[in-house]
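1. sharing a model that was predicted from the sequence below.
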Amino acid sequence: MQTRSFQYVDDLIEGMIRLMNTGDDFTGPVNVGNPGEFTMIELAEKVIKLTDAKSKLIFKPLPSDDPMQRKPDISLAKKVLNWEPKVNLDEGLVRTIDYFRTIV
């Protein structure tokens, strides 16, 4: 039931460019992550469906130092950089899978 939030690289680059273009009066830090949160099971199921894989989920004990939840607070990025991620998980997965299909 761990949650994570992934971000498509185009969104990260746009956030970093906006951060680099701020004035000298702002030095950060600022989180340019993606607050879209989902469980790792949801991610695995989406990947299996999108790739038409026959993979099965295997459950193992959670490592002691691995947090149960990761969800960045991007309120400062919205305010200072006028930035937030645009590519949602489903679209990012499709783009990523399509890319890897072209290089295999």
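-> That came through fine.

2. now the helices for the protein?
-> 9-20, 40-51, 75-76, 89-103 (DSSP state H).

3. residues contacting the third one, please?
-> Counting contacts by C-beta atoms under 8 Å, 6 or more residues apart in numbering, the residues outside helix 75-76 that touch it are 30, 31. All C-beta atoms are positioned from the backbone trio N, CA, C, and that covers glycine.

4. for the helices of the chain, give me JSON lines that also has mean neighbour count.
-> Shown next, in JSON lines, are those (neighbours: other C-beta atoms under 10 Å):
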{"stretch": "helix 9-20", "mean neighbour count": "15"}
{"stretch": "helix 40-51", "mean neighbour count": "14"}
{"stretch": "helix 75-76", "mean neighbour count": "14"}
{"stretch": "helix 89-103", "mean neighbour count": "12"}
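
5. any idea which of the ones you listed gets closest to residue 59?
-> Proximity to residue 59 (C-beta to C-beta) singles out helix 40-51 among these, at 8.9 Å.

6. any idea how far that closest one is from the chain center?
-> When C-alpha coordinates are averaged (C-alpha atoms, centre = their mean, to the nearest Å), helix 40-51 and its chain have centres 14 Å apart.

7. same deal with stretch 71-79?
-> 14 Å.

8. in it, what's buried?
-> 72, 74, 77 (16 or more other C-beta atoms under 10 Å).

9. start and end of it, how far apart?
-> In stretch 71-79, first residue to last residue: 18 Å (C-alpha to C-alpha, to the nearest Å).

10. what mean pLDDT does it have?
-> Mean pLDDT, stretch 71-79: 95.

11. on that earlier part again, could you dump the buried residues of stretch 71-79 into TSV and include distance to residue 42?
-> Shown next, in TSV, are the buried residues of stretch 71-79 (distance: C-beta to C-beta, whole Å):
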residue	distance to residue 42
72	18
74	21
77	24
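
12. closest to residue 18 among these?
-> Looking across those and measuring by C-beta to C-beta, the closest to residue 18 is residue 77, at 8.0 Å.

13. cool, thanks, signing off.
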